[in-house]
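[1] Compute the structure for the input listed below.
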Amino acid sequence: MGQRWLGKTPSLYELYPACPELFVHTGGTLRDVHETADLTKAQGMGVVMSLNRGDQHERLKVLAREHRRLTGGLEHVLFDANRYSGANRRSGSAPLDGRWIDAQRRAGTRMALTDSPYLPSGDRDALRSILGQAQGLGGDVLVALPVHLNWLTRDADVLATAINEAGIPVALMLEHAKDPLGLQSAVIGLVRVLTRATVSVSLLRSDVSVVGAIAWGASMGAVGTESSLRHFVPAKQGGGGGHWPSISAFVPSSMAYRTLDTINAAIAADPDHPERWVCRCDVCAGATLDVIHSNVQAYRHSLLAIAELADHALAGLWDFERSLAWSSACRHAHTINDEVHADTGMKWRPPAYLGAWLKAAQMADIKLTI
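    Got it, this is the predicted structure:
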């Protein structure tokens, strides 16, 4: 049997028939369309396009037309209005725009993602408002729920109950300054929502943790193509600094993003363990990660490597197999990070999300094996 790419395998909890489990969450420019088109066409992944402010209806038409030209259709494409982030974001009980839903339907998407406002901590009226409005928009609607992290760390049961009562599919997006699922309490809350949900729940605008979310029952997850699309920051935090960001790439063995300079230094300092640095994705082709030199290479390698990780972690047919495989992958990667630090003397701390998922699994009485 040939390799089974994750994107081509339907979810155990399908958002719609034949929906891929893995999406990429990218920006809303023509460049983004071109960079993700082959992942959608050749690898079977879905894509979420996050639009900037302005004439979003016209922008949607342009992006949809170009994506259809390159791939042949929009079956596995979602459009994120992104009105929940930034200094001028909408918040609370702001109304949903039915015209945005109609625009996506006219473009030919399988599901239409609501232009939901940001959901502040503890605002149950806003939660009911968003879900109630979405109920009247039709059966092909996916409700965006961009939430304060307290909805997972404090009010997971309230959130799960409201989702179940509404009876419509939802997609969570998490606010945090860095990695929202680097917090044990947030992972535990997410697992609680997923295991209690009686409708489809997805996770958008995230990072490697989407694999864990799918393993615990999410219909699908979307991996951000850059750090700003792997969560959304609190409005008061504003944008980043004035420096040009370093290029980072995903290191499969340690399940961590590192800068290319750090990766190259580690490879040079660790000649006795080449298996830690070899990658078999299409970009690396069995070479060590120091073959990556550009942002384009790093971008493509990272997404393909995460897809391969997910392909292995989610190969099981049953929930317990998938959650156990994900926990085992996290434990192994955590160990690799510690070993790299010990063998090279470099600062190589395990990503916080690894420990968070392991602790959450332990609290769920999951027996971990390697």
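[2] what's the lowest-mean-pLDDT helix or strand in the chain packed up against?
    When each helix and strand of the chain is scored by mean pLDDT, DSSP states H and E, helix 30-42 comes last, with a mean of 89. Applying 3 or more CB pairs under 8 Å, 6 or more residues apart in numbering; DSSP states H and E, one finds that helix 30-42 contacts strand 22-27, strand 46-50, helix 56-71, helix 295-313. C-beta: built from backbone N, CA, C; applies to glycine.
[3] quick one, which of those is nearest to residue 220?
    strand 22-27 (5.9 Å; CB to CB).
[4] Check which helices and strands the closest one sits against.
    helix 30-42, strand 46-50, strand 201-206, strand 221-224, helix 295-313.
[5] any chance of those in JSON lines, with mean neighbour count too?
    Shown next, in JSON lines, are the helices and strands packed on strand 22-27 (neighbours: other CB atoms under 10 Å):
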{"stretch": "helix 30-42", "mean neighbour count": "18"}
{"stretch": "strand 46-50", "mean neighbour count": "25"}
{"stretch": "strand 201-206", "mean neighbour count": "28"}
{"stretch": "strand 221-224", "mean neighbour count": "27"}
{"stretch": "helix 295-313", "mean neighbour count": "20"}
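[6] Columns distance to residue 83 on top of these, output as TSV?
    Output for these, formatted as TSV (distance: least, CB to CB, whole Å):
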stretch	distance to residue 83
helix 30-42	18
strand 46-50	10
strand 201-206	13
strand 221-224	17
helix 295-313	26
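[7] ranking the ones you listed by mean pLDDT, which is last?
    Ranked by mean pLDDT, the helices and strands packed on strand 22-27 end with helix 30-42 at the bottom, a mean of 89.
[8] can you list contacts of it?
    With CB atoms under 8 Å, 6 or more residues apart in numbering as the test, helix 30-42 has contacts from 7, 24, 26, 45-47, 49, 62-63, 66-67, 70-72, 76-77, 225, 296, 299-300, 303-304.
[9] Only alpha carbons, please: show it as PDB.
    Output in PDB follows, covering the C-alpha atoms of helix 30-42 (Å, rounded to 0.1, in the frame of the first residue of the first chain):
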ATOM      1  CA  LEU A  30      -2.700  36.300  -4.700                       C
ATOM      2  CA  ARG A  31       0.700  35.200  -3.500                       C
ATOM      3  CA  ASP A  32      -0.800  33.200  -0.800                       C
ATOM      4  CA  VAL A  33      -3.100  31.500  -3.300                       C
ATOM      5  CA  HIS A  34      -0.200  30.500  -5.400                       C
ATOM      6  CA  GLU A  35       1.900  29.300  -2.500                       C
ATOM      7  CA  THR A  36      -0.900  27.000  -1.200                       C
ATOM      8  CA  ALA A  37      -2.500  25.900  -4.500                       C
ATOM      9  CA  ASP A  38      -0.300  22.800  -5.000                       C
ATOM     10  CA  LEU A  39      -0.800  21.700  -1.400                       C
ATOM     11  CA  THR A  40      -4.500  21.800  -2.000                       C
ATOM     12  CA  LYS A  41      -4.300  20.100  -5.400                       C
ATOM     13  CA  ALA A  42      -1.500  17.600  -5.100                       C
END
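[10] So for residue 119, which of the helices and strands packed on helix 30-42 sits nearest?
    Nearest of the helices and strands packed on helix 30-42 (CB to CB): strand 46-50, 17.4 Å.
[11] just checking, residue 207 touches residue 225?
    No. In terms of CB atoms under 8 Å, residue 207 does not count as a neighbour of residue 225; the distance is 10.4 Å.
[12] Could you find the closest non-adjacent residue to residue 316?
    residue 322 (4.7 Å; CB to CB, 6 or more residues apart in numbering).
[13] and if you look at residue 156?
    That would be residue 189: by CB to CB, 6+ apart, it lies 3.8 Å from residue 156.
[14] Show the contacting residues for that neighbour.
    Residues near residue 189 by CB under 8 Å, 6+ apart: 151-154, 156.
[15] That one belongs to a helix, doesn't it?
    Yes. The assignment for residue 189 (DSSP: H, G, I helix; E, B strand; the rest coil) places it in a helix.
[16] can you give me the strands in the stretch 201-350 of the chain?
    Listed in chain order, the strands of the stretch 201-350 of the chain (DSSP state E, counting those that start in this stretch) span 201-206, 221-224, 248-251, 256-259.
[17] Determine which of these approaches residue 271 most closely.
    Closest approach to residue 271 among the strands of the stretch 201-350 of the chain (CB to CB): strand 248-251, 16.5 Å.
[18] And the contacts of the closest one?
    Counting contacts by CB under 8 Å, 6+ apart, the residues touching strand 248-251 from outside are 208, 227, 256-260, 263, 277, 289, 292, 297-298, 301-302, 305-306.
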